[in-house]
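Student: Please work out how this folds:
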Amino acid sequence: MESAMDYHTAKALLEWQVEFGVDEAICDAPVNRFEVKPEPKKPVLPVASETATVLTPIRANPPGEVDGAALAREAAAGAGDIEALKAALGAFEACELKRGARNLVFADGTFGARVMIVGEAPGREEDQIGTPFVGEAGTLLDKMLSAIDLNRAENVYITNVLPWRPPQNREPTPAELGMMLPFLERHVALAKPEILVLMGNIACQAVLGKRGITRMRGEWGDAMGVKVLPMFHPAYLLRSPEKKRDAWADLLALKARLKSE
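Tutor: Model (predicted):
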């Protein structure tokens, strides 16, 4: 058995080779680096017989979009009374607005009253309390109604187009209005008012299919089987007090219509 070479001897031999120009290790046989080697042959796989079972990957069908309006029509149609309608709205999960709202804002006032007011959507205070038309706008509405001998405690019923507050009080989208419309239609059918007061552009857009409250206000129409009167929203009147004169004219027209019928 050969003895292992000590470190100093091995180092001296390497230094001697470097002095003679040896700077790399080579094999015993020469290597032709320009030689083209053939590619390795691919293994031949056995051909499946005719009786072999071919397994097809199973792919789940992508879920289709939920038709919120169709679900709303079904849920609203199944509500036989006002409590069932409120429960159906509370259980409705297809509208994204519900996930960001604190409370369901359903209605206030006297169910079955001759006058039914439809607002736009809950604001911050309505969302916190769960009642439509509260805060400054609600106080102004109460004063407007009192001026023509109406009040929500006795002879006015109040609701909104949307029962949940949109984020940052943004305007509802057409899709959101269309989804909630079946609930509003059912609400009106159950309440059976003689007159529907539409306050603001959003209420007119949902019920009449058009906007332009400055042009439409005070003009009587028909929708959902009842007489309809578009009016300025109290929140708008707080921002534009010069329009209160027009609102007063509309209130007098409402009072006259109630007396004549």
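
Student: residues touching the residue most central in space within the chain, list them.
Tutor: Nearest to the geometric centre of the chain sits residue 96, at 3.5 Å (CA atoms, centre = their mean). By CB atoms under 8 Å, 6 or more residues apart in numbering, residue 96 lies in contact with nothing. For the C-beta atoms, the positions are set from N, CA and C on the backbone; glycine is no exception.

Student: And it, how far from residue 111?
Tutor: 29 Å (CB to CB, to the nearest Å).

Student: so who does residue 86 touch?
Tutor: 104, 106-107.

Student: Now the phi/psi pair for the spatially closest residue to residue 81 that is not a sequence neighbour, please.
Tutor: In space, and not counting its chain neighbours, residue 81 is closest to residue 190: 6.7 Å by CB to CB, 6 or more residues apart in numbering. Note on residue 190: its backbone torsions stand at phi -80, psi -40 [degrees, to the nearest 10].

Student: Repeat that for residue 159.
Tutor: phi -150, psi -180.

Student: That one: neighbour count?
Tutor: 24 (other CB atoms under 10 Å).

Student: Do I have it right that it meets residue 183?
Tutor: No: using CB atoms under 8 Å, residue 159 makes no contact with residue 183, being 9.5 Å away.

Student: Report the buried members of the contacts of residue 86.
Tutor: Buried subset of the contacts of residue 86 (neighbour count, 16 or more other CB atoms under 10 Å): 106-107.

Student: thinking again about what came up before, show me what contacts the residue nearest to residue 81?
Tutor: 79, 81-82, 85.

Student: What are the boundaries of the strands in the stretch 151-261 of the chain?
Tutor: 156-160, 195-199, 221-223, 226-231 (DSSP state E, counting those that start in this stretch).

Student: ok, so what distance separates residue 149 from residue 193?
Tutor: Residue 149 is 17 Å from residue 193, by CB to CB.

Student: Sorry, slip of the keys, the one I care about is residue 146.
Tutor: 19 Å.

Student: When these two are compared, which one has more neighbours?
Tutor: Neighbour count, other CB under 10 Å: between residue 146 and residue 193, residue 193 has more, with 22 against 10.

Student: Name the nearest residue to that one, ignoring sequence neighbours.
Tutor: With CB to CB, 6+ apart, the residue lying closest to residue 193 is residue 116, at 3.6 Å.

Student: tally of neighbours for that neighbour?
Tutor: 26.

Student: what does residue 136 give?
Tutor: 12.

Student: cool, and residue 92?
Tutor: Quick note: residue 92 (other CB under 10 Å) scores 20 neighbours.

Student: That one contacts residue 99, correct?
Tutor: No: using CB under 8 Å, residue 92 is not in contact with residue 99, being 11.7 Å away.

Student: Residue 249: which of the strands of the stretch 151-261 of the chain is closest?
Tutor: strand 226-231 (9.9 Å; CB to CB).

Student: Each with direction, which strands does that closest one pair with?
Tutor: strand 195-199 (parallel), strand 221-223 (antiparallel) (DSSP bridges).

Student: export the helix or strand of the chain with the lowest mean pLDDT as PDB, just CAs?
Tutor: Across the helices and strands of the chain, mean confidence by mean pLDDT, DSSP states H and E is lowest for helix 7-19: a mean of 72. This file holds the C-alpha atoms of helix 7-19, laid out as PDB (Å, rounded to 0.1, in the frame of the first residue of the first chain):
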ATOM      1  CA  TYR A   7       1.200  18.200   2.300                       C
ATOM      2  CA  HIS A   8       4.500  19.900   1.700                       C
ATOM      3  CA  THR A   9       5.600  17.400  -0.900                       C
ATOM      4  CA  ALA A  10       2.300  17.700  -2.800                       C
ATOM      5  CA  LYS A  11       2.500  21.500  -2.700                       C
ATOM      6  CA  ALA A  12       6.100  21.500  -4.000                       C
ATOM      7  CA  LEU A  13       5.000  19.200  -7.000                       C
ATOM      8  CA  LEU A  14       2.100  21.500  -7.900                       C
ATOM      9  CA  GLU A  15       4.300  24.600  -7.800                       C
ATOM     10  CA  TRP A  16       6.900  22.800 -10.000                       C
ATOM     11  CA  GLN A  17       4.100  21.900 -12.600                       C
ATOM     12  CA  VAL A  18       2.900  25.500 -12.600                       C
ATOM     13  CA  GLU A  19       6.400  26.800 -13.300                       C
END
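
Student: Much appreciated, bye for now.
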